[in-house]
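# only the shape, not the letters, is given here:
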């Protein structure tokens, strides 16, 4: 019988995957993966843009999150 843990894993995996696919630059700017020095330099609005490679990596993680959530949902609810 599926429990609350499985349901939370599926829901959080889907939400994280959608956020990483829909707004990868925003997710990277909010994350700790970019590094602490990146956000502490310069004036407001003078941050350097993120490289395209980072956004594609974030999108890849979004696809992986959706795939894992789908796998958990399939194993639990089928």
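Yes, it's here. A quick note: this is a predicted structure, and the numbers were derived from the prediction, not measured.
# work out which residue lies at the spatial centre of the protein.
The residue lying closest to the centre of the chain (CA atoms, centre = their mean) is residue 20, at 3.9 Å.
# list the residues that contact residue 6.
By CB atoms under 8 Å, 6 or more residues apart in numbering, the residues touching residue 6 are 72, 76. Every residue, glycine included, has its C-beta placed from N, CA and C.
# now do the buried residues in the longest helix along the chain.
Longest helix of the chain, by residue count under DSSP state H: helix 52-77. By neighbour count on 16 or more other CB atoms under 10 Å, the buried set for helix 52-77 is 55, 58, 59, 61, 62, 65, 66, 68, 69, 72, 73.
# would you pull up how far that helix lies from the middle of the chain?
8 Å (CA atoms, centre = their mean, to the nearest Å).
# that one - what's its average pLDDT?
In this model, helix 52-77 has a mean pLDDT of 95.
# turn the buried residues of helix 52-77 into CSV, columns for distance to residue 26.
Below are those laid out as CSV (distance: CB to CB, whole Å):
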residue, distance to residue 26
55, 10
58, 10
59, 13
61, 14
62, 12
65, 16
66, 18
68, 22
69, 20
72, 26
73, 26
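# tell me which of those residues is nearest to residue 27?
residue 58 (5.9 Å; CB to CB).
# and the closest one, how far from residue 71?
Counting by CB to CB, to the nearest Å, the gap from residue 58 to residue 71 is 20 Å.
# in this structure residue 68 contacts residue 13, no?
Yes. Counting by CB atoms under 8 Å, residue 13 is a contact partner of residue 68 at 5.6 Å.
# let me see the contact set for residue 58.
Contacts of residue 58 by CB under 8 Å, 6+ apart are 20, 24, 25, 27, 28.
# what residues are up against the fourth one?
The neighbours of residue 27, taking CB under 8 Å, 6+ apart as the test, are 19, 20, 58.
# what helix or strand is the first one located in?
So the one you mean is residue 19. helix 4-22 (DSSP states H and E).
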